[in-house]
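Chemist: Quick one: sequence and predicted model below, then my questions.
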2 protein chains.
Amino acid sequence: MLDLSTVNMTITGLQQHYTNGDFTPASLLHSLREANAKFNETNPVWIHLLSEDELNLYLERINDAKPEDLPLFGIPFAIKDNIDLAGIPTTAACPDFAYIPPANAFVVQLLLDAGAIPLGKTNLDQFATGLVGVRSPKPWGPCRNALNPEYISGGSSSGSAVTVANGLVCFSLGTDTAGSGRVPASLNNIVGLKPSKGLFSTTGVVPACRSLDCLTVFALTVDDANTVFDVAARFDSSDAYARANTYENGKRYYSSQIEALTIGVPAPSQLDFFGNEEAKALFSDSISQLQALGTNIIEIDFDAFTSAARLLYEGPWVTERYLATQDIIESSPHSMLPVIHTIISSGNKSSAIDVFQAQYKLQEYAQAANLQLNKVDAILTPTNGSIYTVAEVLNDPIELNSKLGFYTNFMNLLDCSAVAIPSGFYQNGVGFGVTLFHRAFSDKRLLGLCSALQRANSLPLGATALAGAPFKQDLRSAPSHINVVVCG
Amino acid sequence: MLDLSTVNMTITGLQQHYTNGDFTPASLLHSLREANAKFNETNPVWIHLLSEDELNLYLERINDAKPEDLPLFGIPFAIKDNIDLAGIPTTAACPDFAYIPPANAFVVQLLLDAGAIPLGKTNLDQFATGLVGVRSPKPWGPCRNALNPEYISGGSSSGSAVTVANGLVCFSLGTDTAGSGRVPASLNNIVGLKPSKGLFSTTGVVPACRSLDCLTVFALTVDDANTVFDVAARFDSSDAYARANTYENGKRYYSSQIEALTIGVPAPSQLDFFGNEEAKALFSDSISQLQALGTNIIEIDFDAFTSAARLLYEGPWVTERYLATQDIIESSPHSMLPVIHTIISSGNKSSAIDVFQAQYKLQEYAQAANLQLNKVDAILTPTNGSIYTVAEVLNDPIELNSKLGFYTNFMNLLDCSAVAIPSGFYQNGVGFGVTLFHRAFSDKRLLGLCSALQRANSLPLGATALAGAPFKQDLRSAPSHINVVVCG
């Protein structure tokens, strides 16, 4: 077995290892499989970790390829278990819902064709309904934070985030309807890219709210997320919600020249840290970091965004979740976790009048939000305003979940693109992240901005000891995380 | 009184008259007021024709201006009576619904500021619900076709179309949710511009389906519609559905250089003329006319468009009409025409599930439609597949109405921009029109294309004897319309 502590688990790092001939994909992947299996004994990240035989099938695909031929040659990744990997069950964390897909999800296929190697399917809040990571039934159960296991991992893409944070895969796929691709990125100190709706096909993804769902990427670095973006952002005409990328959001717009940019920040009275003073101070630091990079920070009116966020839960969009699970919720309601059933079963109560009225409201918020977006190149917010332990969330599952969505719920309703990146650490080691967002098809501009910010911040990557190239080996800004690092 | 037969009632014609000093706006407008009052005795085009005193208030506004200062100096226009003119009742053709608006609709204000002079408020299908023009109660009643009074005018913007066709105003405002700004253009041999959703503000317009409504322009020539477009297409941030124009849809893109364009035409099996062989032959002529201009005609798959069209009536969008009239339909249902009540009262029956399912369907059609739109610069269809007499429609009000929408109902659902222009005449004198359409924000390209086509066709304008500059004085192609011209 390979000594994984010698491996740089970023995409750029692995590409260098392969070019150097340090080890083969087979050697790395089998070592990772073993490390993940071991890790899974204490933290249920995996719903289905591939067997050695299953893994070998994917390794064979790149047998005759050279590293330089494939952009993701031998790069290990994880797949949230509401996204199809052909021949492996898709469960959406609901055993009775499980099916074996005959084909790969569109994006999974693109990644395989680019040389990436899947390690399996990861745990999630059941039917991707939740931002907490604890809404998974037996035999899996709650995922725990990679930096401090007393705390939640965040969700719904919990397993996908935690395995990346632990350096046990290079990147992973998540989904994001209300924040599921950003909240766990923040809490686990990794990057979460929620691309523009429709840029990544959702063919082969279990829907949550079809009109809002996005496939997302977790990675240790923005550069890596950007590399995956270039492979995955391919138009799929068989996905009704797919949209082709625009010229202005193409490869050449990934730029770290950010000095001239104007960044909007919500007025202080519009921020909510739910009483968490540490988070408040961490966000102040984040603003200062951006300012130090020469950007122009201005205050914007955040009201339309928070109003739209509230609408997601108060409005009739839960009807979409009902439609997505209609068969099982009607034929076998007890197959769902009680909390999931409580939420989704309300989705057949609303009228058409409710929907149109909510959509009119949303349109008003969108117009008001647009006026704010017109003033800035991006808006900076905390990714979430506070953090909670697993015990706290199990005790108050609905209310704390909705607090985690304060800065994330509006994003898809308002058709924005967002990148969540690490910005600092709480004293207890849990990650504090920020999100930069703007209108759809600003993915590349946001990635460039976040790349510059991540380079400048020089934080360690995830829960690893890695401050991987091109990052400085300076861990001063990570106060206590070393205590709780769990390496594979 | 001015001899109106000596007046060229196009915008470009009137601008020349004013520059020449042939007559004053006051002289023209008062003569038109009288002619319209007379015309209204036989065809109820007007719900409220301004009094002399009311008219004088608008004439005073341009007293100190010069023709060259204002793009619409002294240009007479009509306003569909679901659009607010300050101080004058807005009825939506429902007396019990009437209110007196304190302010002008956003677009009306822009037109007034540009020097245009309103003559009053025009008849319509009640609450803009219909494509026939006969769904107006006493004291107004059905509008009749400007070219053959046995036939319907088309609707819902019936009065606005007929008064333009008769040369009794230069242009008029209509609205268009399902075809109301195009069907009456076609039947009355005039131009109907249905701009991209959101380009013309709907502030001060009685909603039909808020998510779909458009304000539209009727004119004798495409050049005139284009002039009005340049005044009216101004972003209104107070309208939740407003969208700012794009650079590629700016003034400079109004071009009649159309030789290199590719025009899509539905496969013959996908066209429906409802048994009207004359319409079928007229449409063949239209294709030949476009081909003769050097465009490249290709066949496209029209299925997604007709499927979306059906969805408008079969789906839950009528809920929006219910919301728009909720107060009156619940408190005073008998205030509505029975046919309107029958249609709209079904709008509180649907569930949220119905809406999301229909929106998913629509999204699928939109994706399929996009693949067709990707192949062409514009799609050409008949504006409507057949024509009906007033008596026929009164006898079969729902079915014939829906046939009129076959080529128009999908347009706003699929977020397209469209221009309806005259293309020929039925033997009985009624107009046969075609529509050129493409995605939103292709208004200028479509206007340029239609301008070239109208110049080449050299048809007489509306029901007038005018083949106004720059049109050739060649009426050969208008077989029998002269018999039924009604001039002011």
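Modeler: Now that the structure is in, tell me what you want to look at. Numbering: from 1, shown residues only, chains lettered A, B, ... in the order given.
Chemist: CA only for contacts and neighbour counts going forward, please
Modeler: Will do.
Chemist: if I pick the residue nearest to A:Asp239 when sequence neighbours are not counted, what's in contact with it?
Modeler: Leaving aside its chain neighbours, A:Asp239 sits nearest to A:Thr203 (5.8 Å; criterion: CA to CA, 6 or more residues apart in numbering or on different chains). Counting by CA atoms under 8 Å, 6 or more residues apart in numbering or on different chains, A:Thr203 touches A:105-107, A:238-239.
Chemist: How about A:Asp223?
Modeler: A:447, A:451.
Chemist: what's the spacing between it and chain B?
Modeler: 32 Å (CA to the nearest CA, to the nearest Å).
Chemist: Let's verify the residue nearest to A:Asp239: helix, strand, or coil?
Modeler: Applying DSSP: H, G, I helix; E, B strand; the rest coil to A:Thr203 yields a three-state assignment of coil.
Chemist: From chain B, how far out is it?
Modeler: Applying CA to the nearest CA to A:Thr203 and chain B gives a distance of 13 Å.
Chemist: Please apply the same query to A:His17.
Modeler: 43 Å.
Chemist: Now name the helix or strand holding that residue.
Modeler: helix A:11-20 (DSSP states H and E).
Chemist: which parts of the stretch 151-300 of chain A sit against chain B?
Modeler: Residues of the stretch 151-300 of chain A lying close to chain B (CA under 8 Å from any CA of the partner chain) are A:210-211, A:237, A:239-242.
Chemist: same deal with the stretch 301-450 of chain A?
Modeler: Taking CA under 8 Å from any CA as the measure of proximity, the stretch 301-450 of chain A contacts chain B at A:316, A:319-320, A:323, A:348-356, A:360, A:363-368.
Chemist: now, which of those residues lie within strands?
Modeler: Judged by DSSP state E, strands contain none of those.
Chemist: Now a PyMOL select for only the buried ones of those.
Modeler: Of these, the buried ones go into a single PyMOL selection, burial set by 16 or more other CA atoms under 10 Å in any protein chain shown:
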select buried, chain A and resi 316+319+320+323+348+350+351+352+353+354+355+356+360+363+364+365+366+367+368
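Chemist: how would you label the spatially closest residue to A:Pro102 that is not a sequence neighbour: helix, strand or coil?
Modeler: Among residues not flanking A:Pro102 along the chain, A:Ala86 sits closest, at 5.1 Å (CA to CA, 6+ apart). Following three-state DSSP, we place A:Ala86 in the coil state.
Chemist: Are any of the contacts of A:Thr203 buried, and if so which?
Modeler: Buried subset of the contacts of A:Thr203 (neighbour count, 16+ other CA under 10 Å): A:105-107, A:239.
Chemist: Touching, A:Ser157 and A:Ser180? I think so.
Modeler: Yes - under the criterion of CA atoms under 8 Å, A:Ser157 makes contact with A:Ser180 at 5.5 Å.
Chemist: ok, back up a step: make TSV out of the contacts of A:Thr203 and add secondary structure.
Modeler: Output for these, formatted as TSV (three-state DSSP):
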residue	secondary structure
A:Ala105	coil
A:Phe106	helix
A:Val107	helix
A:Ser238	coil
A:Asp239	coil
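Chemist: In a markdown table: those, plus distance to B:Asp53 and pLDDT.
Modeler: Conversion of those to a markdown table gives the following (distance: CA to CA, whole Å; pLDDT from 0 to 100):
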| residue | distance to B:Asp53 | pLDDT |
| --- | --- | --- |
| A:Ala105 | 70 | 98 |
| A:Phe106 | 68 | 98 |
| A:Val107 | 68 | 98 |
| A:Ser238 | 61 | 96 |
| A:Asp239 | 60 | 98 |
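Chemist: now for these, which pair is the farthest apart?
Modeler: Maximum pairwise distance in the contacts of A:Thr203, criterion CA to CA, is 12.5 Å, between A:Val107 and A:Ser238.
Chemist: Need the nearest residue in space to the closest residue to chain B within the stretch 1-150 of chain A, chain neighbours excluded.
Modeler: In the stretch 1-150 of chain A, the residue that lies nearest chain B is A:Phe106 (16.6 Å; CA to the nearest CA). In space, and not counting its chain neighbours, A:Phe106 is closest to A:Thr203: 5.6 Å by CA to CA, 6+ apart.
Chemist: So which residues of the stretch 51-200 of chain A form helices?
Modeler: Residue ranges of the helices in the stretch 51-200 of chain A, as given by DSSP state H, counting those that start in this stretch, are A:52-61, A:106-113, A:158-165, A:183-187.
Chemist: Give the next helix or strand downstream of the helix holding A:His17.
Modeler: helix A:25-40.
Chemist: Which elements pack onto that next one?
Modeler: On a contact count with 3 or more CA pairs under 8 Å, 6 or more residues apart in numbering or on different chains; DSSP states H and E, helix A:25-40 meets strand A:46-49, helix A:52-61, strand A:117-122.
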